[in-house]
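Novice: pasting the sequence and the predicted coordinates here, then a few questions.
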Amino acid sequence: MKRLLSLAILTLTLTACVDTTGLVSTSSKPPKGNPQSVVVVTEYADLECPACRTANTAIVQPLLQKYATQIRYEFKHFPLRSLHRFTMDLAEASECAADQGKFWEYVDAAFENQSELKSGSATTWGEALVGDTSLFSRCVRSHIKKDAVMADYDEGVARGVLGTPTFYVNGTQTPATLDALSAAIEEQVKGARERL
């Protein structure tokens, strides 16, 4: 017990020593699709979740291909920490990659390499994508993005998210199937046209 406590104190001390110059604590992840669209598809996901990986391929990518100009797709972190050991590492690293314009590339890499995930992977994958590896590494080590990740999580809890992936279309929870999401999008697009 003493050793565990000492290790925790050492980790906190080292984290506090990371230079945060040039780092920002807020999220800079951009949406996909049409940023000005009135039809917003929001997904709460966990980058270590196998079901989210499947949904990314079978649902999200086809939706973005079909409705790229008609929807604004927003990714929200919902790390299931009790189930997935590296989920916070991945979420924070994705946010650090976002600061260098590589959020979506990081998400793709995390899902593609999910079966090879091990300690240190979150940082290694990001360093392969970003231009400034030193800045990225400092961002990850500082855990400066933890609050941004947890803000997404808390928002999801407040909306009733219980697991991942969970989708909303204009604020209405929608079953995580391509057909259900397509129907909800079509309904919202039709409604937007009628209001014009």
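Specialist: That came through fine.
Novice: residue closest to the middle of this structure?
Specialist: Geometric centre of the chain, nearest residue: residue 77, 4.2 Å, by CA atoms, centre = their mean.
Novice: which helix or strand contains the closest residue to that residue other than its chain neighbours?
Specialist: The shortest distance from residue 77 to any non-neighbouring residue, by CB to CB, 6 or more residues apart in numbering, is to residue 152 (4.1 Å). All C-beta atoms are positioned from the backbone trio N, CA, C, and that covers glycine. If you go by DSSP states H and E, residue 152 is part of helix 146-159.
Novice: could the C-alpha coordinates of that helix be exported in CSV?
Specialist: Backbone C-alpha positions of helix 146-159 (Å, rounded to 0.1, in the frame of the first residue of the first chain) are rendered in CSV as follows:
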residue,chain,number,x,y,z
LYS,A,146,-8.2,15.5,-19.3
ASP,A,147,-10.8,18.2,-18.4
ALA,A,148,-11.8,18.6,-22.1
VAL,A,149,-12.3,14.8,-22.4
MET,A,150,-14.2,14.7,-19.1
ALA,A,151,-16.4,17.7,-20.2
ASP,A,152,-17.6,15.5,-23.2
TYR,A,153,-18.2,12.6,-20.8
ASP,A,154,-20.1,14.7,-18.3
GLU,A,155,-22.2,16.1,-21.2
GLY,A,156,-23.0,12.6,-22.3
VAL,A,157,-24.0,11.5,-18.8
ALA,A,158,-26.3,14.5,-18.6
ARG,A,159,-27.9,13.5,-21.9
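Novice: before we move on, the earlier item: for residue 167, see how far away the residue nearest to residue 77 is.
Specialist: Look at residue 152 and residue 167: by CB to CB, to the nearest Å, they are 14 Å apart.
Novice: do residue 115 as well
Specialist: Applying CB to CB to residue 115 and residue 167 gives a distance of 24 Å.
Novice: what residues are up against the residue nearest to residue 136 when sequence neighbours are not counted?
Specialist: Distances taken as CB to CB, 6+ apart put residue 130 closest to residue 136, at 4.6 Å, once the chain neighbours are dropped. Residue 130 sits next to 96-97, 100, 102, 136 when contact means CB atoms under 8 Å, 6 or more residues apart in numbering.
Novice: what does residue 130 show for phi and psi?
Specialist: Summarising the backbone geometry of residue 130 under the convention degrees, to the nearest 10, its torsions are phi -90, psi 160.
Novice: export the contacts of residue 130 to a markdown table and append columns for pLDDT, distance to residue 24 and secondary structure.
Specialist: Compiled in a markdown table, the contacts of residue 130 are given as follows (pLDDT from 0 to 100; distance: CB to CB, whole Å; DSSP: H, G, I helix; E, B strand; the rest coil):
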| residue | pLDDT | distance to residue 24 | secondary structure |
| --- | --- | --- | --- |
| 96 | 98 | 10 | helix |
| 97 | 98 | 13 | helix |
| 100 | 97 | 11 | coil |
| 102 | 98 | 15 | coil |
| 136 | 96 | 13 | helix |
